[in-house]
Structure formats: C-alpha cells, structure tokens
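1. Predicted model and sequence follow; I will ask about them next.
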Amino acid sequence: MDSNKKHQPAGETRRDFLYLTAGAMGAVAAGSAVWPLVDSMNPAADTLALASTEINVSSVQPGQTITVVWRGKPVFVHRRSAEEISEVRAEPWQDLRDPQSDQSRVKAGHDEWLVLLGVCTHLGCIPMGSKVTDVKGDYNGWFCPCHGSHYDKSGRIRKGPAPTNLAVPPYEFVSDSLIRIG
Amino acid sequence: MSRPAQTEKFKNPVVQWIDERLPVFTMLIKEYGVFPMPKNANYFWSFGGMAMLMLIIMIVSGIVLAMNYTPHTSMAFDSVERIMRDVNYGWLLRYIHMNGASFFFIAVYIHIMRGLYFGSYKKPRELLWIIGVVIFLLMMATAFMGYALPWSQMSGWGVTVITSLFAKFPLVGDGIVTWLWGGFSVDNPTLNRFFALHFLLPFVLLGVVFIHVWALHITGSNNPAGIEPKSEKDTLPFHPYFTSKDGFAVVVFLIVYLGTVFFAPLALTEFDHFKSYDSMVTPPHIVPEWYFLPFYAILKSFVFDFTVILSLLAMGGLVAGFPAAYVFFKGDVKKRNLAFKALGALLAVLVTITLLALVTADLENPSAAAYLKVVIIPAALQGVLAMFGSILLLVVLPWLDSSPVKSARYRPIYKKCLLVLLVSFLVLGYTGAQLPEGWPVIAGQIATVYYFAHFLVILPYLSRKEKTLPLPNSIHEDSCSASKGK
C-alpha cells in the first residue's frame, strides 16, 4: 500500500501531522484551563467597583489640601491660591527631570485645583506636605521622608531620587465643587 | 532511586515483611547507612543537613501558628498579638518561626559559600547546584511572603516596595503589579494570597529538597580536596561516622539558634514590625529582612538612567570595536568572525531599543536636546534586572568557571578573589540597610561591580590562566597528610 511508503523516514508523515495538531489542541486546552486560575488573581468585581470615587471640594479653602482614599491609595486634592499658581508658573520647566508644564497637570478652567496621587514615584512611600504642620521640602510642595525626594507646588520632582513627577490620577469635574476620580 | 529492589535481609520479621513489599529499610541503609562519604569532609558539610532540619522546624511551627492566625487585614495583626499573649506557648512558637527563618538563611548561606569555596558546582554536580539555586529562590519567595503576614507597617510597606519593583518593567509592569496585588494597592486580596502561598511553598520546597538530595546521592558528596573518591580507602560509611559528626554540628547550631530564640528573640527585627499596617503613613525607613539586604543593595546601586545620548556613545564604542577586533584577532579568522558577530548583535540590540524608546517617547516640547535625554532603560529597571540577575547568574556558574580543579585550596588566586566576593557581599549587606545617600551608595556600587565582575570576568579568565597547585593523589592521601599536621 501507499501508506507504507509514507512511513519511510524521509519527509513528513501523516502521523507527524497528527502529533502536531493534537499537540496544538492540547496546548490550547491547557491554556484555557489555566487562564481562569490566573485571571482569578486579578482584581475582583467588588474591588473594581471601588475604582472610582467622588469628592465634594466645596469646603476646601485656598491653600488647603485634603487627602482622600482612591483604590486604597491616598490622593491629594490641593486648592491653590492665585499667588501659588502664578509663582509655580513663572518658573521655567523645560529643564526639569520630568519636564511638564503646570498647565498640563491641571484641568483647564480649574487651575486652582491640583489633584495628585500621593505615592512617591521612587519606591511607593507617601510624601509629606499635605498637613499644615508637615515638612514640605525645599520647593514648598511635598517631601518624601523615605529617601528625600522634593516635589514642588505642582507635584513635580525637583530634587532626590524619584524619577518622575507625582502622578495625576484620571479625574473629571462633575460640577465646580464635585470631582470624580477614576 | 533506581536500585535493585530489596537487597538487605532483616531479622525482624515485620521489617522484613514490609521491606519485601516496599523496600524503605533497604533504601535507608543504602542512602543513610552504608552510603560512602569522602572521609575528609569537614564541618562545612554539615550545613546542608542543618538547612534541612530548619525547613522541618519551619513547617512544623508554621502549621501550628496557622491554626491561630487570621489572614484578613482587619484581624491579622491582632491575631499575631493574640498568639503572642493568649495562645499556649504561642510566643515560643512564633519566636521559633521568626528566628527560624533567619537561621535557615544562615545555614543556607554557609552551605552556598561552602559550594563556592570547594567547587561543589562543578562537573558532575552542575544539576545538583542548579536545583540548589531553585531552592534558594523558593526560600526567598517564601520568606518574603511570610514577612507580610503579621500585617505590620514593615509587612505592608515591604510588600509595597518589593512588588512595585515589577512596575518598572515596560508595558506589562503595571498589569503585573495589579495582578500580584489583586487590586490597586496592597490590601486584603494580597494578604490572602500571600498566606495561601506561604503555606504552599514550603511543601514545594520540601519536594525540591528531596530532588536535591536525590541528585546528591547519585554523584556523591564533594570534599575539601575536590577530587573524586577512587577506592574504598577514600570513603567512610555515612553511619555512624557522619551521623555523629552532623549530630554534633546540629547540637551546636541549635544552641546558637535557641539561644537567640530565648535570649534575643527580637535582635534581628525592626521596631516598625510592631505597628499595625497603615496604608496612609509610610514608616521613615523601610528595610527588608537582613538576608535580603545584599540583593536590595544591588537594586539601589543603579542610579543613572540609560539615555539616548549614552546609547549613542555605547554605539560609537561598539563601532570602534570592529577595527579593534580586526587587529586583535589578526591570526584567528574564526575568533574574529565570532567577535564581529557579538559586536553586531549588541549593536542591533542597542539600535532597536533606542529606536523603540524614541518612537514611544512622549515629549511635551520636542527638541534635539530633549530627544538625547529620552530614557531607554530607567535606573530603577536596571536595578531590578541586576537584582534578579545576581541570583540567576549562579545557574550558569558551572560554565563560567571551567577550571578542572574544584577546591579553592589548590587555586591560590581564586581563593583570594572569593574572599573579595565574600567581603563585597558583606559590604552590600551593610549598605543595603543604609539610606541611599553619601558613601554607602558608592561602597555599594563598588561591591556590585565586583560581584558581577567576579562571575562574568574574573572566573572565565581565571579558569583558563590560573596556575593551580598540585592535587593530592587520593582523598586518603589528603586526609593522612592533614592528620600528620602538614
């Protein structure tokens, strides 16, 4: 029969093809069996449900900072006075470590509100500076006590080991006094 | 252990009956009774057994602790305090477990150092050594997760800092961290899975240790002379010669360990470990447990971003390497082509990652100067890669060091280099605990450079060039000359 020829060592045989396809199907099956196990370790629905938070900022006075919890991490909401804004915008920013203008770190039309993720970009510590009595660092913004990173009034890294500016979380103004983070 | 099934005869009929059906007693006699040990093995050969004992102590004390522990963020810290105050002997079990981790690492570090000094990683024990590296990695993962369980300030923030390292990987980093945490910060899902894994991994560890011992019993133990046994004169049966020797070593080790448990149980603990975790307040100085400090120091040693301008300089160097290689390997076309290929491959990698970084760069104010400053590999990512690399390097150690002489006794230069490595490792251990500023950073960087140079440059060079001392003809001859006080 012909099939005898096909079992000769030269070239590929039908059996090789069957091995290959069976192996491929086995790999797909193993992958789809493992995926639920892996994905179960991702954030669950109840964790995701906490992914956005709304805050009323009507009572925050100029110069004051409040700290709210979003996704288990602190978010600093700082209301800046007109002097603070003009002061921070007067400085050149092109040569900073992580060059960003102050304008690009706030929402247009809501320039007095600075919303920052209160997590140092170095190793995840929480910078000080939100309370009146806190050390604010050399640039009068925030100061990370872990390894001495100094952030300015716009949350930009100015001195110390942190590589990037304090992150701005995704947020929007629902109304002038209501911010939704996340 | 594929041996002919039952070979021993036992007087006790019950033992004989069992052994005919499942030859465990035959196996025990083979592997722990008459098993031939090189007779010159010194006390450094006892630390493997001590590490094994520590693993068993950790598993036993861990299981009874787990019966009183609650892996929930609101109760974990209190349940540990309850163990300390209310549970019968809870304080003892916890201190045994807590300090046990430290002494497990002490035993394993000495065990590894023994392997480095006497060349126990060399042929035919390469796989045995690699399995050992796997054990070390598993131990580190287990210890790290265990540190999280008391849910103290050190627990929560240690986990935050170390898991955040994975965020440094480009593209997938944040996804990995969210997956590790099971949320967007270190929280209850994180604690839960760490408890589950901290319970599971020791048993995985036990399995891998079994394979390690199995591989050891195939090749047999190395010895201080670093030569293989040739005749029966070179070895002694494991029992009673080494059971008694290891037994004595274990007693001394236990005296030190239990002395620490009873008289200085908190000597190796940071005080922030006694405050409940507060995700809104970072303790001023986060340090890992002492046994991670050298690797933490390697992580912190990388402070310069690899930018486009540095990459261009490196490319220039590589291009200049072509004519240099042409001149250097003038007589050997094969080696020259190999050098060309290596240079070309490095150049291709550099060009690719540089272009990738430039294309993905998001510049607010593009200019030539801004493009030159685009970061290709951030310092933090370099640190993470170096930290993992420093351990994974041990996997390929048997091939980095191809010297046929195993023991450092007969390798005078290697012996000195190994001493420098040990000093570097200790320096890293010290600087790892210091704030990353001032001279400790520089000391750590020098030690990091030596650590990598030792394995990647010095060992390949030494294994070709070093003039070794004459080896003894046999282990028997070696141990006789030693006992004569040579």
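-> Thanks, I have the structure now. Numbering: from 1, shown residues only, chains lettered A, B, ... in the order given.
2. only C-alpha atoms for contact and neighbour calcs from this point on.
-> Will do.
3. for chain B, which helix is longest?
-> For chain B, the helix reaching the highest residue count under DSSP state H is reported as helix B:188-219.
4. Quick check: next helix or strand after it?
-> Sequence-wise, the next helix or strand downstream of helix B:188-219 (DSSP states H and E) is strand B:235-237.
5. Next, the residues that contact that next one from outside, please.
-> Contact with strand B:235-237 is made by B:33, B:34, B:35, B:36, B:37, B:38, B:39, B:229, as judged by Cα atoms under 8 Å, 6 or more residues apart in numbering or on different chains.
6. Kindly present these as TSV, with separate columns for pLDDT, secondary structure and distance to chain A.
-> As requested, these are arranged in TSV below (pLDDT from 0 to 100; DSSP: H, G, I helix; E, B strand; the rest coil; distance: Cα to the nearest Cα, whole Å):
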residue	pLDDT	secondary structure	distance to chain A
B:33	91	helix	44
B:34	92	coil	45
B:35	93	coil	42
B:36	94	strand	44
B:37	95	strand	44
B:38	95	strand	46
B:39	93	coil	49
B:229	94	coil	46
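7. can you put those in CSV and add distance to residue B:49 and neighbour count?
-> Formatted as CSV, these follow (distance: Cα to Cα, whole Å; neighbours: other Cα atoms under 10 Å in any protein chain shown):
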residue, distance to residue B:49, neighbour count
B:33, 15, 17
B:34, 17, 14
B:35, 15, 18
B:36, 16, 21
B:37, 14, 22
B:38, 16, 27
B:39, 17, 21
B:229, 21, 20
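8. need the residues of chain A near chain B, please.
-> A:41-44, A:47-48, A:71-74, A:94, A:99-100, A:123-126, A:145-147, A:161 (Cα under 8 Å from any Cα of the partner chain).
9. From those residues, which land in helices?
-> Using DSSP H, the subset of these located in helices is A:47, A:48.
10. Show me what secondary structure element comes after the helix or strand of chain A with the lowest mean pLDDT.
-> Among the helical and strand segments of chain A, the one scoring lowest on mean pLDDT, DSSP states H and E is helix A:2-6, with a mean of 51. Once helix A:2-6 ends, the next helix or strand along the chain (criterion: DSSP H and E) is helix A:14-39.
11. farthest-separated two in the contacts of strand B:235-237?
-> Of all pairs drawn from the contacts of strand B:235-237, the greatest distance, 17.9 Å, lies between B:33 and B:229 (Cα to Cα).
12. centre of the chain versus stretch B:71-91, how much separation?
-> On the basis of Cα atoms, centre = their mean, to the nearest Å, stretch B:71-91 sits 31 Å off its chain's mean C-alpha point.
13. Ok, stretch B:248-265 next?
-> 23 Å.
14. Tell me which residues touch the spatially closest residue to residue B:142 that is not a sequence neighbour, please.
-> Using Cα to Cα, 6 or more residues apart in numbering or on different chains and skipping the chain neighbours, the partner closest in space to residue B:142 is residue B:198 (5.5 Å). When contacts are counted by Cα under 8 Å, 6+ apart, residue B:198 is found next to B:142, B:143, B:145, B:146.
15. again, 7 Å this time
-> Residue B:198 makes contact with B:142, B:145, B:146 under the criterion Cα atoms under 7 Å, 6 or more residues apart in numbering or on different chains.
16. Within range of chain A, give me the residues from the stretch 251-400 of chain B.
-> Taking Cα under 7 Å from any Cα of the partner chain as the test, the list of the stretch 251-400 of chain B residues beside chain A reads B:280, B:281, B:282, B:284, B:285, B:364.
17. Is it correct that the second one falls within a helix?
-> No. Assessed by DSSP: H, G, I helix; E, B strand; the rest coil, residue B:281 does not belong to a helix; its assignment is coil.
18. pretty sure it contacts residue A:126?
-> Yes. Judged on Cα atoms under 7 Å, residue B:281 makes contact with residue A:126 at a distance of 6.5 Å.
19. So for those two, which sits in the more crowded spot?
-> The residue with more neighbours, out of residue B:281 and residue A:126 and counting by other Cα atoms under 10 Å in any protein chain shown, is residue A:126; that gives 24 against 14.
20. Would you mind confirming that that one makes contact with residue A:120?
-> Yes. Checked against Cα under 7 Å, the pair residue A:126 and residue A:120 is within contact range at 5.8 Å.
21. Dump stretch B:161-172 to PDB, restricted to CA.
-> Included here for stretch B:161-172 are C-alpha records, laid out as PDB according to Å, rounded to 0.1, in the frame of the first residue of the first chain:
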ATOM      1  CA  VAL B 161       8.100  48.400  47.800                       C
ATOM      2  CA  ILE B 162       9.200  45.000  46.600                       C
ATOM      3  CA  THR B 163       6.100  44.200  44.500                       C
ATOM      4  CA  SER B 164       6.300  47.800  43.000                       C
ATOM      5  CA  LEU B 165       9.600  46.700  41.500                       C
ATOM      6  CA  PHE B 166       7.700  44.700  38.900                       C
ATOM      7  CA  ALA B 167       6.000  48.000  37.800                       C
ATOM      8  CA  LYS B 168       9.400  49.100  36.400                       C
ATOM      9  CA  PHE B 169       9.100  46.600  33.500                       C
ATOM     10  CA  PRO B 170       8.000  48.400  30.400                       C
ATOM     11  CA  LEU B 171       4.400  47.900  29.000                       C
ATOM     12  CA  VAL B 172       3.400  45.000  31.200                       C
END
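22. do it and chain A meet at all?
-> Yes. With Cα under 7 Å from any Cα as the threshold, stretch B:161-172 lies in contact with chain A, specifically through residue B:161.
23. quick revisit: what's the closest of the residues of the stretch 251-400 of chain B next to chain A to residue B:463?
-> The shortest distance between residue B:463 and any of those, using Cα to Cα, involves residue B:285 and amounts to 42.5 Å.
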